[in-house]
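J.: Here you go, sequence then predicted model.
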Protein chains: 2
Amino acid sequence: MSDALRPLRRNEIRQQNEALILQAAEKVFAEAGFGGATMQLIADVAGLPKANLHYYFATKEELYRKVVSNIFDIWLHAAESMDNAPGPVEGIGAYIDAKMEISRRHPDGSKVWASEVMHGAPVIQDYLETTLREWTTGRAALIQGWIDAGQMAAVNPDHLLYMLWAATQHYADFGHQIETLNGGPLSDVQWREAKDSVKTMILRGIGAV
Amino acid sequence: MSDALRPLRRNEIRQQNEALILQAAEKVFAEAGFGGATMQLIADVAGLPKANLHYYFATKEELYRKVVSNIFDIWLHAAESMDNAPGPVEGIGAYIDAKMEISRRHPDGSKVWASEVMHGAPVIQDYLETTLREWTTGRAALIQGWIDAGQMAAVNPDHLLYMLWAATQHYADFGHQIETLNGGPLSDVQWREAKDSVKTMILRGIGAV
DNA sequence: TCTTTTCCTGACCGTATGGTCAGCTAGAAG
DNA sequence: CTTCTAGCTGACCATACGGTCAGGAAAAGA
């Protein structure tokens, strides 16, 4: 109680407001796209005056760029789950688990990323060409190692990665379609079933089980 | 030659200009999203004055709705490839072929659809609830029939459909990301490899081969 | 306490957007 | 040829947008 009423310190204010704005921005950008989102709406969702947004983030682009890079960081972190695995069943299985969890917990972030890429990656093209490219070639080599070791079938590693991304992110990006067909949001049991389905089909699809 | 210079008849003019506008609109909506697209830019791409667009399509929403419903029709038509197949290898294989071909030939349409669904399907919610729902339940039953006949493993039909959509549409919606990682557009050979990879992994994933 | 720095915001501005409309051009009909 | 109607468009309008700024409030520092 005293904690909630205590006047906030400088750096606390900054931290809190930036987080508030970023959270609101992610939601609005996901729902309306970059072009459809307005600073006024983001401000309303964040519960702050519009001018205050421009105090923390000079331009709409700067705010958007920060939102996108935050999402990218989350994904890079989740990608580590694939490393240090003895084989594809554990490595790819863990990666699917991690990505499905992101689709469930951060659907807005996933949508912002998808929207950005779909529109030609105008603000994060450098990420694609550097970080993502390095990550991809590294994991493709990892997968090729499993193939060479006879732990899975000889599938094209790049296309396997595309399928992993597609299958998992679909539950976030096309969540609205899935919910409509399902007659409502997926329950805990249904999320578990989704995760199991994706894992079973892909692991069997690459001849790992 | 005389054909190109001959004055156009009334209905020819209408047909030609509407097609021109819809084509330009699909491209611009795909590249910028609904909110980011402008009637002026669509007009420029179509090579017509902006006022002429409003002569054929009263509002931006009406034009957008027409673009989206055109895409939906293409997909429904492609979906027929799954019917009248003796089993999952032929049925699902043909469906993957058809959807991959759409991703290659109509990437803009796919992006517009994805964008629409991601933003909560504000203009085609009725399609989702009626046509798509009926189609989905029908094909889920078809798949269940193959399972009951022992022609494939007992996977959840709904999640299989989601995976089919995700894996194939990914090559259109995330085409820019794929091209960046690939160092350029996919060649004919690479497209064939993509199609084969998807088919191989999924058909093996459902225990059909 | 006094000064400095950060935080905050109502009011404002230039621009770009979706949409309108009066009036023109040119096929079609008679 | 005359009339009618569909096709066409430059100029215009109201609105909403991203962004600015002067000046006030409040925390930090001396």
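T.: Arrived safely, thanks for sending.
J.: Excluding chain neighbours, give the residue nearest to the one residue sitting closest to the centre of chain A in space.
T.: For chain A, residue A:110 is the residue whose C-alpha lies nearest the centre (C-alpha atoms, centre = their mean; 4.0 Å). Counting by C-beta to C-beta, 6 or more residues apart in numbering or on different chains, residue A:110 lies nearest to residue A:172, which is 3.6 Å off, once chain neighbours are set aside. Every residue, glycine included, has its C-beta placed from N, CA and C.
J.: Please give me every residue in contact with that neighbour.
T.: By C-beta atoms under 8 Å, 6 or more residues apart in numbering or on different chains, residue A:172 lies in contact with A:102-104, A:106-107, A:110-111.
J.: which SS class is residue A:98?
T.: Three-state call for residue A:98 (DSSP: H, G, I helix; E, B strand; the rest coil): helix.
J.: re earlier: surely the residue nearest to the centre of chain A is in contact with residue A:173?
T.: Yes. Between residue A:110 and residue A:173 a contact is recorded at 5.8 Å, counting by C-beta atoms under 8 Å.
J.: Residue A:109 and residue A:22: what is the separation?
T.: Remark: distance between residue A:109 and residue A:22 (C-beta to C-beta, to the nearest Å) = 10 Å.
J.: shared neighbours of those two, which are they?
T.: Counting by C-beta under 8 Å, 6+ apart, the residues touching both residue A:109 and residue A:22 are A:67, A:70.
J.: Where does pLDDT dip in chain A?
T.: Chain A contains residues with pLDDT under 70 at A:1-8.
J.: Whichever helix in it runs longest close to chain B?
T.: Assignment by DSSP state H gives helix A:10-36 as the longest helix of chain A. Yes. On the criterion C-beta under 8 Å from any C-beta of the partner chain, helix A:10-36 is in touch with chain B at A:30-36.
J.: tell me which of those is nearest to DNA strand C?
T.: residue A:35 (9.0 Å; C-beta to the nearest atom of the strand).
J.: Give me the nearest residue to the closest one, chain neighbours excluded.
T.: Spatial nearest neighbour of residue A:35, excluding adjacent residues (C-beta to C-beta, 6+ apart): residue B:36 at 2.3 Å.
J.: Would you check that the one you found makes contact with residue A:29?
T.: No. Look at residue B:36 against residue A:29 with C-beta under 8 Å: they stay out of range, at 11.6 Å.
J.: which of those two has more neighbours?
T.: Remark: of residue B:36 and residue A:29, residue A:29 carries more neighbours, 25 against 19, as counted by other C-beta atoms under 10 Å in any protein chain shown.
J.: separation between that one and residue A:129?
T.: Counting by C-beta to C-beta, the separation of residue A:29 from residue A:129 is 22 Å.
J.: I appreciate the help and will end here.
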